[in-house]
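1. Structure for this input, please:
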Amino acid sequence: IYKYRKSPNDGVGSMSGRVTWKPIEGLTLVASDINKHNKYAKDIAAGWYGEESGAKHNFAASLGFEYTPGFLCNKLTLWGYYQHGWNEGWIDDMDSDLVNAGIMYNFTDQFYAFAQGDYLYVKNDQAGRAGANNFFAGDNYHKAKGWAGYLGVGYVLPYGANFEVGYK
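-> Predicted coordinates for the structure are as follows:
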């Protein structure tokens with residue numbers, strides 16, 4: 001049996017943007033956003049869970065920085081990143097927060113070591129809401145959090161090839 005399925009994204013309503021600013025030498029600030037439109041999200045949610053719980057737009061915005069201070073001979077680099085997402089997975093009111101931060105030290109132009117950490121928090125604002133009548137409003141999709149740490153070393157070969165090994 002052959003079933004034709006259209007693409008969930010017709011392109012209209014999807015977009016992304018990024019602004020980069022370098023206010024001083026060694027410091028880069030970045031702000032970005034992305035919106036992905038899915039015209040069938042409500043139909044997909046209704047098919048899976050028998051109710052229209054889906055959102056048509058999945059949107060995220062982020063802020064980040066990278067800083068390599070010149071007074072340390074460009075040996076040390078610090079970075080940080082924060083992102084907030086709305087309607088994750090096209091589920092109404094499913095929001096997320098992601099934080100990533102790290103530090104890297106360049107022993108030579110080719111050899112470096114780094115440490116970084118990630119934290120993720122996802123919460124459905126419909127959980128426990130009086131009168132909320134869908135699968136996602138119950139305890140099944142209420143909230144989750146997680147974190148990870150990563151240590152590693154890397155080596156940069158000529159022509160852009162990089163090798164990296166680490167432990168998470």
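2. next one: phi and psi at Phe71?
-> Backbone torsions of Phe71, given as degrees, to the nearest 10, read phi -70, psi -10.
3. How about the one 3 residues further on?
-> As for Asn74, its main-chain torsions (degrees, to the nearest 10) stand at phi 60, psi 30.
4. Spatially nearest residue to it (excluding sequence neighbours)?
-> Spatial nearest neighbour of Asn74, chain neighbours left out: Thr68 (5.4 Å); criterion: Cβ to Cβ, 6 or more residues apart in numbering. Yep, even glycine has a C-beta here, placed from its N, CA and C like the rest.
5. which ones are touching that neighbour?
-> 26, 74, 76-78 (Cβ atoms under 8 Å, 6 or more residues apart in numbering).
6. Among those residues, which has the minimum pLDDT value?
-> Sorting these by confidence puts Asn74 at the bottom, with a pLDDT of 87.
7. Quick one: the helices in the protein, in order.
-> 41-49 (DSSP state H).
8. All the strands of it, residue numbers only.
-> Secondary structure of the chain by DSSP state E: the strands cover 15-21, 27-37, 57-67, 76-86, 94-106, 111-124, 143-156, 162-167.
9. Can you pull out the residues in contact with the second one?
-> What it means is strand 27-37. With contacts defined as Cβ under 8 Å, 6+ apart, strand 27-37 is touched by 9-23, 56-67.
10. ok so, going back, how about the strands of the chain in JSON lines, adding mean neighbour count?
-> Output for the strands of the chain, formatted as JSON lines (neighbours: other Cβ atoms under 10 Å):
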{"stretch": "strand 15-21", "mean neighbour count": "10"}
{"stretch": "strand 27-37", "mean neighbour count": "15"}
{"stretch": "strand 57-67", "mean neighbour count": "16"}
{"stretch": "strand 76-86", "mean neighbour count": "16"}
{"stretch": "strand 94-106", "mean neighbour count": "17"}
{"stretch": "strand 111-124", "mean neighbour count": "16"}
{"stretch": "strand 143-156", "mean neighbour count": "12"}
{"stretch": "strand 162-167", "mean neighbour count": "10"}
